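**Q** the following comprises the amino acid sequence and a computationally predicted model.
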Amino acid sequence: MNISTRYFPQAWAFAALVSLVSLNVQAEARYPANVPQPKEGQFVHVPPTMEDLEKNNMHPELKRVIRRGHDLFVNTQQLRGKNVFNNMNCSSCHMGEGRQPFAGPVWPAAVTLPDFRGKNGHVNNLEERIAGCFSYSMNGKPPAYGSDDMIALAAYHQWLAKGVPMYPEGQIYGRGYPRLPEPAKGMDYARGKKVFETNCVMCHGADGSGLVQNGKVVFPATWGDGSNNWGAGLVRHFTLASFVKHNMPLGRPNSLSDQDAWDVAYYINSQERPQEPRYTGDVRETREKYLKTFHANTSYGLKVNGRLLGDHDNVGEKDFLKPDVLRPRTFTAE
């Protein structure tokens with residue numbers, strides 16, 4: 001729906017509060033949601049909830065599939081060892097059950113794909129975009145195209161986009177992680193470490209390993225084998241800086257300065273993590289191969305504090321480097 005912006009902030013403040021409670025972080029819920037106001041001409045959409053789904057008159061079997069997609073989205077760890085090989089859920093990066101603006105809301109993908117994607121140099125559909133998240137952010141292996149799990153996840157994405165036209169005109173409010181202004185002081189490791197120690201250690205730990213209790217991921221890892229690999233979108237400094245600025249610390253979005261967000265993003269992204277799935281066997285060669293389309297904005301293949309980042313064969317908890325699904329497309333006759 002393209003709604004009046006007059007009611008939008010209040011609606012999302014409530015939705016954000018509910019999402020915090022659903023994450024079992026009730027102590028953080030006392031802080032008000034502080035999201036930027038929509039700008040004139042932006043397309044604004046408040047996605048339907050799972051409660052709305054129950055009231056809808058669509059076929060019961062479709063409802064069941066959408067509920068399954070939601071369950072996979074918020075608890076992707078149930079696919080651990082099969083499709084997921086780290087401590088991430090879809091909702092770790094796409095917060096508020098994939099509904100929250102400025103936190104990677106997933107409904108825009110359902111209405112803007114198929115589209116060209118520079119990262120892999122061809123037109124991607126919704127399932128392929130989801131596959132990319134499994135391959136990079138989950139350091140894993142995507143569910144097969146057309147499989148029950150993939151269809152369920154796609155159905156959940158499309159449910160969140162209910163009422164939105166395909167390829168909507170104008171800028172979509174809150175889409176992705178909007179790029180912050182360039183940092184006035186550049187990015188600095190030492191400053192970023194201080195920001196991390198002050199604001200992030202409580203949840204993510206001094207070693208960035210996050211928090212797992214009774215086999216359940218409470219807070220995701222920010223680096224190391226439990227985190228995303230070197231090909232994930234969040235290893236781009238501008239992407240992580242925006243995610244941090246608009247969503248962290250949890251329950252206190254937009255409480256850090258832009259400079260602090262850039263610095264802590266640089267610090268986090270200057271720590272080791274599993275190898276980039278497109279690794280050629282040489283980190284500098286891999287960086288150069290994907291420099292223009294991705295790594296120009298990462299620390300991968302660069303020396304930071306005397307360490308050449310990504311110069312290893314560690315693939316984390318999985319026993320493969322690159323999922324078979326990561327392949328080029330030409331859309332020409334065989």
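**A** Here it is on my side, so go on.
**Q** tell me the SS of Val218?
**A** Under DSSP: H, G, I helix; E, B strand; the rest coil, Val218 falls in the strand class.
**Q** so what pLDDT did Gly316 get?
**A** pLDDT recorded at Gly316 is 98.
**Q** quick check: it touching Asn86?
**A** Yes. Shown here, Gly316 and Asn86 form a contact pair, counting by Cβ atoms under 8 Å, at 6.2 Å. Quick note: C-beta positions are derived from backbone N, CA and C, even for glycine.
**Q** can you pull the buried residues of stretch 181-200?
**A** Buried positions in stretch 181-200, judged by neighbour count with 16 or more other Cβ atoms under 10 Å: Pro183, Met187, Asp188, Arg191, Gly192, Lys193, Val195, Phe196, Asn199, Cys200.
**Q** give me the phi and psi for the fifth one.
**A** Spelled out, that is Gly192. Backbone torsions for Gly192, taken as degrees, to the nearest 10, come to phi -60, psi -40.
**Q** which one of the buried residues of stretch 181-200 is nearest Leu62?
**A** The closest of the buried residues of stretch 181-200 to Leu62 turns out to be Cys200 (Cβ to Cβ; 40.1 Å).
**Q** what sits against the closest one?
**A** By Cβ atoms under 8 Å, 6 or more residues apart in numbering, the contact set of Cys200 is Thr222, Met248, Pro249, Val264.
**Q** what ranges do the helices span in the stretch 1-150 of the chain?
**A** Along the stretch 1-150 of the chain, the segments classed as helices by DSSP state H, counting those that start in this stretch run 8-22, 50-55, 60-74, 90-93, 107-112, 126-132, 148-160.
**Q** ok, and the closest non-adjacent residue to Asp313?
**A** Distances taken as Cβ to Cβ, 6 or more residues apart in numbering place Gln275 nearest to Asp313, at 6.5 Å, with adjacent residues excluded.
**Q** hang on, that neighbour in a strand?
**A** No. Applying three-state DSSP, one finds Gln275 to be coil, outside a strand.
**Q** distance of the residue minimising distance to the centre of the chain relative to Tyr156?
**A** For the chain, the residue sitting closest to the mean C-alpha position, by Cα atoms, centre = their mean, is Cys93 at 3.3 Å. Taking Cβ to Cβ, to the nearest Å as the measure, Cys93 falls 15 Å from Tyr156.
**Q** quick revisit: just the contacts of Cys200: which are in helices?
**A** Judged by DSSP state H, those include Val264 as members of helices.
**Q** ok, now how distant is the residue nearest to Asp313 from Val283?
**A** 9 Å.
**Q** joint contacts of these two?
**A** In terms of Cβ under 8 Å, 6+ apart, Gln275 and Val283 are both contacted by the residues Gly310.
**Q** neighbour-wise, which of those two wins?
**A** Neighbour count, other Cβ atoms under 10 Å: between Gln275 and Val283, Gln275 has more, with 23 against 20.
**Q** for the nearest residue to Thr298 once chain neighbours are set aside, what are its contacts?
**A** Nearest non-adjacent residue to Thr298, counting by Cβ to Cβ, 6+ apart: Val235, 4.9 Å away. Contact analysis of Val235 by Cβ under 8 Å, 6+ apart lists Asn228, Asn269, Arg273, Thr298, Ser299, Tyr300.
**Q** that older thread, check the residue nearest to Asp313 and give its pLDDT.
**A** Note for Gln275: predicted pLDDT of 98.
**Q** could you pull up phi and psi at it?
**A** Main-chain dihedrals, Gln275, degrees, to the nearest 10: phi -60, psi 150.
**Q** same check, this time on Met166
**A** phi -70, psi 140.
**Q** residues near it, how many?
**A** Counted by other Cβ under 10 Å, the residues lying close to Met166 total 9.
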